[in-house]
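*Asks:* turn this into a structure:
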Amino acid sequence: MTILKTDTVSGIGTEGTVFEGDITFDSLNYMTLPKGTTTQSNRGRALFGGGYLTPGFDGGISYLEMQSSGNTIDFGDLSVSRGAPASNASSTRGIWGGGSTPAGVSDVIDYVTINTTGNATDFGNLTVARKYFGACGSQTRGLFGGGDSSPGAANNDVIDYITIATTADAQDFGNLSVSRQHVGACSSPTRGVWAGGRTPTKLNTIDYITIATTGDAADFGDLTVTTISIDGLSSNTRGLFAGGTTPTMVNTIGYITIASTGNATDFGDLITVNSHYACTSNGIKGIWTGGYDGSGEGYNLIEFVTIATTGNAQDWGDTYRNRKYHAGCSDSHGGIA
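*Replies:* Alright, predicted model coming up:
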């Protein structure tokens with residue numbers, strides 16, 4: 001695309017740059033895109049951490065580069081092996097919180113520097129120890145919602161948040177519309193969304209919050225399928241929720257337009273009938289890894305979709321080991337503008 005100094009443009013530029021309005025140039029002819037321009041690039045790094053092995057807990061972190069298909073590679077280890085954590089990220093830091101450990105349900109939050117392989121470092125603690133919860137966030141703020149605060153499979157409606165650049169304990173944000181566990185989450189740069197789960201009754205409920213403003217979640221709409229053990233991924237505008245248990249396992253993918261409340265719409269299908277997987281995106285590609293087929297074993301398959309185009313998932317590669325109940329993040333997910 002050739003852009004002149006006098007042009008007013010609207011559209012999608014190279015590598016997913018979204019702009020609308022007047023483009024300005026300085027005296028040296030350097031270009032400034034309009035306010036509100038967002039960039040989502042067909043590259044980036046995805047990380048996946050924690051989970052359950054067969055048998056035992058997993059503390060490993062693996063990664064892949066999202067510009068091309070392939071298998072995951074070892075990155076390092078979490079501070080403690082744990083299943084069913086939740087994960088969010090900025091463009092520089094990956095975060096994992098909570099989960100189930102050999103010692104019980106955890107409130108520990110770990111972080112890594114995404115572009116540097118190595119072991120995770122202590123970040124702080126959640127307001128409530130829990131597992132089976134959902135995380136999302138923006139470039140600056142990470143949120144955690146719902147979960148199981150065992151013992152007794154105690155459902156939780158707590159939403160707490162961290163400032164990703166600053167190590168510290170999480171703070172109270174508000175509450176989901178209903179206490180639930182096995183819930184999925186995704187975000188745009190301004191909205192966080194949680195969907196599905198159980199109370200123990202299975203739900204199709206979708207909630208949302210405004211990330212920059214503390215407060216309780218509001219009703220967004222309903223999933224295409226009433227399901228638990230799902231997770232979410234997103235671009236800046238579109239959120240996807242896939243798989244889960246209804247009580248039978250499904251491979252359905254549904255999508256929402258995050259800026260507009262309403263019910264989810266059918267997107268396509270995963271390759272596998274799957275739940276308890278990890279997923280993330282670079283804003284263009286959505287990636288699911290591992291998971292559970294009901295047999296007791298974890299999957300090692302990685303599959304992907306192009307978020308802007310409805311259709312079925314395709315094969316990407318394999319995880320470096322079979323696992324389930326792990327959590328994924330990236331340096332370029334839908335919450336990062």
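*Asks:* from now on I want contacts and neighbour counts done on CA atoms only, so please keep to that.
*Replies:* OK.
*Asks:* quick one: low-confidence parts of this protein?
*Replies:* For the chain, the stretches with pLDDT under 70 are 1-42, 152-153, 337.
*Asks:* per the record, what domains does it have?
*Replies:* Structural domains assigned to the chain are 1-39, 44-330, following automatic domain parsing.
*Asks:* figure out how far the last one is from the centre of its chain.
*Replies:* Averaging C-alpha coordinates over domain 44-330 and over its chain gives two centres that are 4 Å apart (C-alpha atoms, centre = their mean, to the nearest Å).
*Asks:* got the end-to-end distance for it?
*Replies:* Domain 44-330 has an end-to-end distance of 7 Å (C-alpha to C-alpha, to the nearest Å).
*Asks:* quick one on the thing from earlier: compare the domains of the chain and give me the one nearest I336.
*Replies:* Closest to I336 of the domains of the chain is domain 44-330 (C-alpha to C-alpha; 4.8 Å).
*Asks:* not counting its neighbours along the chain, what's nearest L47?
*Replies:* Y63 (4.3 Å; C-alpha to C-alpha, 6 or more residues apart in numbering).
*Asks:* S187 too?
*Replies:* Leaving out its chain neighbours, the residue that sits closest to S187 by C-alpha to C-alpha, 6+ apart is G335, at 5.0 Å.
*Asks:* I figured S150 hits T101, correct?
*Replies:* No: with contact defined as C-alpha atoms under 8 Å, S150 does not reach T101; the gap is 11.8 Å.
*Asks:* these two: which is more packed in?
*Replies:* Neighbour count, other C-alpha atoms under 10 Å: between S150 and T101, T101 has more, with 22 against 16.
*Asks:* so what's the more buried one up against?
*Replies:* T101 is in contact with F57, V80, S81, R82, G83, counting by C-alpha atoms under 8 Å, 6 or more residues apart in numbering.
*Asks:* tally of neighbours for the closest residue to the second one other than its chain neighbours?
*Replies:* Translated: V80. Once flanking residues are discounted, V80 sits nearest to G59: 5.9 Å by C-alpha to C-alpha, 6+ apart. If you count neighbours by other C-alpha under 10 Å, G59 ends up with 21.
*Asks:* tell me who's in contact with P102.
*Replies:* With contacts defined as C-alpha under 8 Å, 6+ apart, P102 is in contact with F57, S81, R82.
*Asks:* ok, the contacts of T101 vs V112, which is closest?
*Replies:* Nearest to V112 among those, with distances taken as C-alpha to C-alpha, is V80, at 13.5 Å.
*Asks:* so that closest one touches F57, yeah?
*Replies:* No: V80 is beyond contact range of F57, at 9.2 Å (criterion: C-alpha under 8 Å).
*Asks:* more neighbours: the two, which one.
*Replies:* For V80 versus F57, the count of surrounding residues by other C-alpha under 10 Å is larger for F57: 22 against 19.
*Asks:* the residue nearest to S187 and Q171, how far apart?
*Replies:* Separation of G335 from Q171 (C-alpha to C-alpha): 20 Å.
*Asks:* closest to A242 out of the contacts of P102?
*Replies:* Nearest to A242 among the contacts of P102, counting by C-alpha to C-alpha, is R82 at 22.9 Å.
*Asks:* got phi/psi on that closest one?
*Replies:* phi -160, psi 150 (degrees, to the nearest 10).
*Asks:* so who does it touch?
*Replies:* G50, G51, Y52, F57, D58, G59, G99, S100, T101, P102.
*Asks:* which residue sits closest to it, ignoring its sequence neighbours?
*Replies:* Closest residue to R82 apart from its sequence neighbours, by C-alpha to C-alpha, 6+ apart: T101 at 4.6 Å.
*Asks:* hey, what's the one you found bridged with?
*Replies:* Beta-bridge partners recorded for T101 (DSSP bridges): G104.
*Asks:* quick one: it from G197, how far?
*Replies:* Going from T101 to G197 by C-alpha to C-alpha gives 21 Å.
*Asks:* again, but for S138
*Replies:* Applying C-alpha to C-alpha to S138 and G197 gives a distance of 23 Å.
*Asks:* in terms of neighbours, single out the busier of these two.
*Replies:* Between S138 and G197, counted using other C-alpha under 10 Å, the more crowded position is G197 (33 against 26).
*Asks:* pretty sure that one is touching S179, no?
*Replies:* No: using C-alpha under 8 Å as the test, G197 is too far from S179 to be in contact (9.2 Å).
*Asks:* before we move on, the earlier item: in TSV: the contacts of R82, plus distance to S188.
*Replies:* As requested, these are exported to TSV (distance: C-alpha to C-alpha, whole Å):
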residue	distance to S188
G50	25
G51	26
Y52	29
F57	31
D58	29
G59	29
G99	24
S100	28
T101	31
P102	34
